[in-house]
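**Q** Sharing a model prediction with you, sequence too.
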Amino acid sequence: MPIRNRFAEMLPEIAAWRQDFHAHPELRFECHRTAHIVADKLRAFGCDEVVEGIGVTGVVGLIHGRARGAGRVVGLRADMDALPIHEATGKPYASIHHGKMHACGHDGHTAMLLGAAKYLAETRNFAGTIAVIFQPAEEGGAGAKVMCEAGLMERFGIQEVYAMHNRPGHPLGEFNIRAGAFYAACDEFRITVEGRGGHAAKPHATVDPVVVASQMIMALQTIASRNADPTQNVVVSICGVRSESEAFNVIPQRVELRGTIRTHDAALRKLVETRLHAMVEGVATSFGARAEVEFVEGYPAMVNHAAETDIARKVALEVSGQCQEAGYNMGGEDFSYMLEERPGAYIVLGAGDGAGLHHPEYDFNDEIIPYGCSWFVGIAETRLEA
């Protein structure tokens with residue numbers, strides 16, 4: 001099951017779809033144009049059923065094999081949304097929307113799954129049903145969760161589900177995967193420190209929230225270094241500090257900190273939240289200040305199922321001959337919600353050299369399209385062998 005020759009022939013066509021999506025990025029659930037094009041193409045390919053509006057702008061296409069295979073259904077998922085980043089690639093197909101770009105390759109994921117859908121609708125060399133799932137709002141909107149809550153798995157009878165992501169900086173065509181926890185749970189927090197503002201020349205007459213916030217920043221780093229088991233993965237990052245004053249001679253009344261927590265273990269995730277609240281309160285009290293914590297629970301850890309990971313790895317090796325054991329990834333991925341609903345696996349595909357994900361100069365490498373399409377088709381034909 002090497003790269004399918006058909007996808008080498010289809011590459012210019014699929015790359016053109018991808019570049020059109022790239023030029024017209026849409027954020028979160030606003031994937032109206034993308035979803036409309038996806039649905040139209042699925043119908044043109046001859047999919048047996050195409051349903052729009054699952055999870056606001058999600059699209060699902062059903063492709064029946066030559067035999068119904070006792071009703072078995074396997075889902076293949078791609079994300080469609082872009083990011084609020086101003087593009088700096090200079091490509092002829094660069095974003096036409098200022099401040100929006102496909103900086104994570106979801107344009108490529110969508111195009112690859114469309115290519116696989118066209119092939120599967122033509123060949124139908126499987127027994128059962130393939131559900132191709134095109135999901136909005138992976139970037140912060142939990143689109144996978146919304147689609148699941150809309151009855152995705154139950155409505156279409158999906159029994160297993162698989163997904164893929166490109167990875168720049170890794171050898172082109174090399175797959176990476178691991179069983180168990182793979183991507184991290186990602187939570188967010190906002191801390192508001194309130195002191196007593198005043199003149200910078202009289203700090204003794206104030207309760208300086210800048211100093212208090214600085215102490216909090218340093219104290220919170222000890223959660224990872226002194227509270228967490230050193231064999232566990234945890235990141236506590238303060239990603240922004242803001243005060244209400246821009247003057248050079250004013251000690252402000254308030255300072256706001258914002259940041260993120262990344263973990264792979266559920267118990268550790270809860271421990272970090274507990275310690276965050278305790279440390280913030282303790283530091284604030286010791287300086288005579290007050291502090292409030294707004295904690296926002298984000299995506300859960302994405303956990304690959306063991307048997308399905310073995311299948312995904314086997315198919316990857318057949319496609320390219322390259323599939324490495326992946327390390328833990330501290331990034332977040334809302335495919336975690338689908339893997340909580342059904343067994344399945346998530347794999348990453350090396351895209352070669354280039355700017356990293358979420359960078360304004362990033363561009364999806366169209367050379368990996370035949371690898372990705374072949375993997376999707378391989379999963380379909382392996383899990384629903386005719």
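**A** Thanks, I have the structure now.

**Q** Can you list phi and psi of the spatially most central residue of the chain for me?
**A** Residue closest to the average C-alpha location in the chain (C-alpha atoms, centre = their mean): E333, at 3.4 Å. Backbone torsions for E333, taken as degrees, to the nearest 10, come to phi -160, psi 120.

**Q** A201 and E244: what is the separation?
**A** For A201, the distance to E244 (C-beta to C-beta, to the nearest Å) stands at 19 Å. Backbone N, C-alpha and C define where each C-beta goes, glycine included.

**Q** Specify which residue of these two has the higher count of neighbours.
**A** Neighbour count, other C-beta atoms under 10 Å: between A201 and E244, E244 has more, with 12 against 8.

**Q** What is the burial count for the residue lying closest to K145 once chain neighbours are set aside?
**A** Spatially, and ignoring its direct neighbours in sequence, K145 is nearest to Y337 (4.2 Å; C-beta to C-beta, 6 or more residues apart in numbering). Residues within reach of Y337, counting by other C-beta under 10 Å, total 20.

**Q** just for the stretch 251-386 of the chain, where's the confidence low?
**A** Nowhere does the stretch 251-386 of the chain drop to pLDDT under 70.

**Q** per-residue pLDDT, the residue lying closest to H106 once chain neighbours are set aside?
**A** Spatial nearest neighbour of H106, chain neighbours left out: D79 (4.6 Å); criterion: C-beta to C-beta, 6+ apart. For D79, the pLDDT comes out at 98.

**Q** for the one 4 residues further on, same thing?
**A** With respect to pLDDT, L83 has a value of 97.

**Q** partners of it in the sheet?
**A** Counting by DSSP bridges, L83 is bridged to M101.

**Q** rewinding a little: I'd guessed the residue nearest to the centre of the chain sits against Y183; true?
**A** Yes. Here E333 lies in contact with Y183, judged by C-beta atoms under 8 Å, at a distance of 4.2 Å.

**Q** so what sits against both of those two?
**A** M302, Y346 (C-beta atoms under 8 Å, 6 or more residues apart in numbering).

**Q** circling back to that earlier point, contacting residues for the residue nearest to H106?
**A** H106, H109, T110, Q135, P136, E138, E139, G143.

**Q** Against A131, how distant is the last one?
**A** Spelled out, it's G143. From G143 to A131 the distance is 16 Å (C-beta to C-beta).

**Q** Compare these two (neighbour count), which wins?
**A** G143 (27 against 24).

**Q** any idea how far M147 is from P300?
**A** 16 Å.

**Q** again, but for G197
**A** Taken as C-beta to C-beta, the span from G197 to P300 is 40 Å.

**Q** repeat for A355
**A** 29 Å.

**Q** Residue ranges of each domain in this protein, please.
**A** Using automatic domain parsing, the domain parsing of the chain gives 5-181+301-383, 185-296.

**Q** Let me know which of these is tucked in deepest.
**A** For the domains of the chain, the largest average neighbour count (mean count of other C-beta atoms under 10 Å) is found in domain 5-181+301-383, namely a mean of 21.

**Q** what's the span of it from first residue to last?
**A** Domain 5-181+301-383 has an end-to-end distance of 21 Å (C-alpha to C-alpha, to the nearest Å).

**Q** Centre of the chain to that domain, how far?
**A** 11 Å (C-alpha atoms, centre = their mean, to the nearest Å).

**Q** likewise stretch 295-303?
**A** Using C-alpha atoms, centre = their mean, the offset of stretch 295-303 from its chain centre is 11 Å.

**Q** what's next to it, contact-wise?
**A** Contacts of stretch 295-303 (C-beta under 8 Å, 6+ apart): 142, 180-190, 263-266, 269, 273, 276-277, 332-337, 339-340, 346.

**Q** redo that, cut-off 7 Å
**A** Outside stretch 295-303, the residues within contact range by C-beta atoms under 7 Å, 6 or more residues apart in numbering are 142, 180-189, 264, 273, 332-336, 339-340, 346.

**Q** hang on, the earlier thing: name all residues that make contact with the residue nearest to K145.
**A** Y337 neighbours (C-beta under 7 Å, 6+ apart): A142, A144, K145, C148.

**Q** Which one of those residues is nearest to D310?
**A** Distance to D310, by C-beta to C-beta, is smallest for A144 among the contacts of Y337, at 22.9 Å.
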